[in-house]
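Engineer: from the sequence below, what's the structure:
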Amino acid sequence: MTKAAKEWGVSRTTIYQKVNDGELSRTADKKIDVSEMLRVFGEPISKKRTERSVDTVQSTPLNSQSVQYNTDIEHLLALEKLKNEHLSQQVSDQKKLIENYQQQIGQLNKTLDKANASIQDFAQVRLLEFKQAEMSDEPPFEPEQEKKDDSVVATAKKKKRWFF
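Structural biologist: Numbering: from 1, shown residues only. Below is the predicted model:
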C-alpha cells in the first residue's frame with residue numbers, strides 16, 4: 001500500500017477508501033495489482049514526470065503547430081456535435097408535427113364520414129318524399145299568392161306528412 005501510494009502520489013487513506021468502496025480490488029495476499037492501480041488512478045507520477053520532461057525537450061515550433069492544429073480540430077468537432085444535436089432536435093420536432101397533422105387528418109376524415117352519412121340520409125328522405133308525391137299526383141308544396149299592402153307575396157304551403 002505504501003509503495004503504491006508513493007508511486008501514484010495518492011494517500012494510503014485514499015487507496016483504502018477505494019478498496020472499501022469496491023472501486024479498487026486487492027489480491028488474496030492483500031496486495032494491489034499494478035493493473036488495478038492503472039485502471040483506477042492512471043499512470044504513476046514518476047512515469048508522468050518522465051513523459052513531461054521528454055515533451056519539454058521536444059518542444060519545437062512544429063510541435064506547437066500540431067498542438068494548435070489539434071485544438072482547432074477539437075473546436076470544429078465540438079461545433080459539428082452542436083450542429084448535429086440541433087439538427088436532431090429539428091428532426092424530432094418535425095416528427096411530432098407530422099404526428100399532429102396525421103391526428104388532425106384522422107379527425108377530419110371521421111367528421112367527413114359523418115357528414116356524408118347525414119347527406120345520404122337526407123337524400124334518401126327527400127327521394128322518398130318525392131316518390132310519395134308522384135304516387136299521389138300532388139306536388140310536394142303548392143304556391144299560393146296573397147295580396148298584402150298592394151304587394152304580391154308568394155308563399156309555400158307545405159303539406160304535413162307523417163312517415164312510419
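
Engineer: contacts for stretch 19-38 next, please.
Structural biologist: Identification of contacts with stretch 19-38 by CB atoms under 8 Å, 6 or more residues apart in numbering yields M1, A4, E7, W8, I15, K18, V40, P44. All C-beta spots, glycine's among them, are computed from the backbone N, C-alpha and C.

Engineer: low-confidence regions, the chain specifically.
Structural biologist: The chain contains residues with pLDDT under 70 at 46-62, 137-164.

Engineer: where do the helices of it begin and end?
Structural biologist: 2-8, 12-21, 34-41, 45-57, 61-135 (DSSP state H).

Engineer: mean neighbour count and distance to T27 for those - can I get that in CSV?
Structural biologist: Converted to CSV, the helices of the chain look like this (neighbours: other CB atoms under 10 Å; distance: least, CB to CB, whole Å):
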stretch, mean neighbour count, distance to T27
helix 2-8, 15, 12
helix 12-21, 13, 11
helix 34-41, 15, 9
helix 45-57, 11, 22
helix 61-135, 10, 39
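
Engineer: okay if I get those as JSON lines plus distance to A28?
Structural biologist: JSON lines is the format used below for the helices of the chain (distance: least, CB to CB, whole Å):
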{"stretch": "helix 2-8", "distance to A28": "17"}
{"stretch": "helix 12-21", "distance to A28": "14"}
{"stretch": "helix 34-41", "distance to A28": "13"}
{"stretch": "helix 45-57", "distance to A28": "27"}
{"stretch": "helix 61-135", "distance to A28": "44"}
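
Engineer: next one: V125 from A115, what distance?
Structural biologist: For V125, the distance to A115 (CB to CB, to the nearest Å) stands at 16 Å.

Engineer: nearest to N100 among the contacts of stretch 19-38?
Structural biologist: V40 (50.3 Å; CB to CB).

Engineer: quick check: R26 vs I15, distance?
Structural biologist: R26 is 10 Å from I15, by CB to CB.

Engineer: swap that for L87, sorry
Structural biologist: In terms of CB to CB, L87 sits 46 Å off from I15.
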